[in-house]
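1. Model the following, please.
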Amino acid sequence: MASSLVFRQLLRHRLPWHPENPKLQVLLTPFCIKLVRPGKPQPPDTLQFRIPMEMGKQELKIYLEELYNIPVADIRVRIQMGRRARNWQNRMYWKEEDHKVAYVVMRDGQTFEFPDILAKKEEKTEIEKMENEMYEKEAVKQREATQRGGINTWF
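-> Numbering: from 1, shown residues only. Modelled structure (predicted):
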């Protein structure tokens, strides 16, 4: 119940209310933040988020502490300009929207490391080995059958 009261502070606009309706409770915020991998190396206790332009430092701190239980020591924010692009065929220019980047420093010695999703696979299974052998044999057959132009014998 207390967390829904805290999120009420995060809303910039008033929700519609009528006397017959029950009291409105905000369970989730209207903001969406994204944890991104930093372009330059950062200390292990620093996280980089892409947040909406309307969100401030205090709102981000409440968001992280209440929703995700991340102890926040410091927040630094900068505005990243959107990329400019041009269509060379009809000579149109456009600019992507700007976005806000927040650097959050965690307290209590907590660290974060991105998981290695693309780690090397373990040993191949027997089925995969058999498939690879079959493909190699077929490639050798096609190389040897030059008079047929790479067409299989079943034609």
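
2. for the chain, which spans come out with low pLDDT?
-> Within the chain, the ranges that satisfy pLDDT under 70 run 1-17, 23-28, 121-122, 146-155.

3. which residues of it fall in helices?
-> For the chain, helices defined by DSSP state H occupy the ranges 2-8, 57-67, 126-144.

4. most packed of the ones you listed?
-> Mean neighbour count (mean count of other C-beta atoms under 10 Å) peaks for helix 57-67 among the helices of the chain, with a mean of 17. Bear in mind the C-beta positions are built from the backbone N, C-alpha and C, glycine included.

5. list the helices and strands that one packs on?
-> Other helices and strands packing on helix 57-67, by 3 or more C-beta pairs under 8 Å, 6 or more residues apart in numbering; DSSP states H and E, are helix 2-8, strand 72-80, strand 99-106.

6. how does it look with 7 Å?
-> helix 2-8, strand 72-80 (3 or more C-beta pairs under 7 Å, 6 or more residues apart in numbering; DSSP states H and E).

7. that older thread, output the helices of the chain in JSON lines, with distance to residue 31 appended to each entry.
-> Shown next, in JSON lines, are the helices of the chain (distance: least, C-beta to C-beta, whole Å):
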{"stretch": "helix 2-8", "distance to residue 31": "10"}
{"stretch": "helix 57-67", "distance to residue 31": "7"}
{"stretch": "helix 126-144", "distance to residue 31": "44"}
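
8. nearest to residue 33, of these?
-> helix 57-67 (6.9 Å; C-beta to C-beta).

9. Return the distance of that closest one from the chain's centre.
-> 19 Å (C-alpha atoms, centre = their mean, to the nearest Å).

10. Return the alpha-carbon coordinates of that helix using CSV.
-> These are the backbone C-alpha positions of helix 57-67, laid out as CSV (Å, rounded to 0.1, in the frame of the first residue of the first chain):
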residue,chain,number,x,y,z
LYS,A,57,16.5,12.3,-10.7
GLN,A,58,14.3,12.0,-7.7
GLU,A,59,11.6,10.1,-9.6
LEU,A,60,14.3,7.7,-10.9
LYS,A,61,15.6,7.2,-7.4
ILE,A,62,12.1,6.4,-6.1
TYR,A,63,11.5,4.1,-9.1
LEU,A,64,14.6,2.0,-8.6
GLU,A,65,14.4,1.8,-4.8
GLU,A,66,10.7,1.0,-4.6
LEU,A,67,10.3,-1.3,-7.6
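
11. Since that was my last question, I'll sign off now.
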